[in-house]
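Asks: A predicted structure for the sequence below; I have some questions about it.
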Amino acid sequence: MTDDDGKRLTWLLKPAELALKGDNRRAFEVALGRNLRAMLRGVDAKVVIGNGRFYVHGPDDARAAVEDSLDRLIGISGWAEAKAVPKTEAAIMEAAVSEGRTLAARGVSTFKIEARRTDKGFPLDSYALRCKAGDAVTEAVGELSVDVRNPGATIRIEVRERAYVYGDSRRGIGGLPVGTAGRGFSCFPAE
């Protein structure tokens, strides 16, 4: 999906165990960012560290290289190609409807909306955002209906410094970023 400038793609990354690391969190974020930048060396992509998320911005022709790197990056629990839109209700609903159309074209018939609002200044809370987006999608895409218990797909909305809307997400390897764990030593008795 293209960013709202229409030229660059955005991938949203969810760090794995960084939230558990307390005072060391910044050092882990720096290590994860360094590892990601090293994997993307030579690729026209920019890495941005946000509040609890990492973002990669790049052109469509960098898609294969970026996604290959994200599949191999240790330290993220998951990632998704996301539509980055302004933090307005209209832009978010438009992006959700676009994602709904993509799901319907793939043959999906049921969906649910998950919303997370870290910017508490945004006028809709997470529940209202889920309801409005679900209504917008079902009104615009007649082939889809809401099923919160057993959906065929999930459309996710995150309201942060911008709004991010995405459907398909992929699992990451997880764990701690390479270079942050101490050295280990294992001794096995001689037989």
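Replies: Thanks, I have it. A quick note: this is a predicted structure, and the numbers were derived from the prediction, not measured. Residues are numbered from 1 along each chain as shown.
Asks: roughly how far is the biggest strand by length in the chain from the heart of the chain?
Replies: Using DSSP state E, we find that the single longest strand of the chain is strand 76-85. How far strand 76-85 lies from its chain's middle: 2 Å, per C-alpha atoms, centre = their mean, to the nearest Å.
Asks: what are the pairing partners of it, and which direction each?
Replies: Within its sheet, and counting by DSSP bridges, strand 76-85 is paired with strand 9-15 (antiparallel), strand 163-166 (antiparallel), strand 170-171 (antiparallel).
Asks: which residues sit against that strand?
Replies: Strand 76-85 is contacted by residues 1-4, 9-16, 32, 54-55, 67, 70, 91-92, 94-95, 98-99, 156, 158, 162-174 when judged by C-beta atoms under 8 Å, 6 or more residues apart in numbering. (C-beta placed from N, C-alpha, C; glycine too.)
Asks: tabulate the strands paired with strand 76-85 (JSON lines), appending distance to residue 60, mean neighbour count and mean pLDDT.
Replies: Below are these laid out as JSON lines (distance: least, C-beta to C-beta, whole Å; neighbours: other C-beta atoms under 10 Å; pLDDT from 0 to 100):
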{"stretch": "strand 9-15", "distance to residue 60": "6", "mean neighbour count": "22", "mean pLDDT": "95"}
{"stretch": "strand 163-166", "distance to residue 60": "16", "mean neighbour count": "25", "mean pLDDT": "97"}
{"stretch": "strand 170-171", "distance to residue 60": "18", "mean neighbour count": "12", "mean pLDDT": "93"}
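Asks: compute the distance between residue 35 and residue 47, please.
Replies: Using C-beta to C-beta, to the nearest Å, residue 35 is found at 10 Å from residue 47.
Asks: please enumerate the strands of the protein.
Replies: All strands of the chain, identified by DSSP E, fall at 9-15, 46-49, 54-58, 76-85, 110-117, 145-146, 153-159, 163-166, 170-171.
Asks: what angle do the third one and strand 9-15 make?
Replies: Using axes from the mean of the first three to the mean of the last three C-alpha atoms, to 10 degrees, the direction of strand 54-58 lies 160 degrees away from that of strand 9-15.
Asks: output the contacting helices and strands for strand 54-58.
Replies: strand 9-15, helix 25-39, strand 46-49, helix 63-72 (3 or more C-beta pairs under 8 Å, 6 or more residues apart in numbering; DSSP states H and E).
Asks: that older thread, just the mean pLDDT for the longest strand of the chain, thanks.
Replies: In this model, strand 76-85 has a mean pLDDT of 95.
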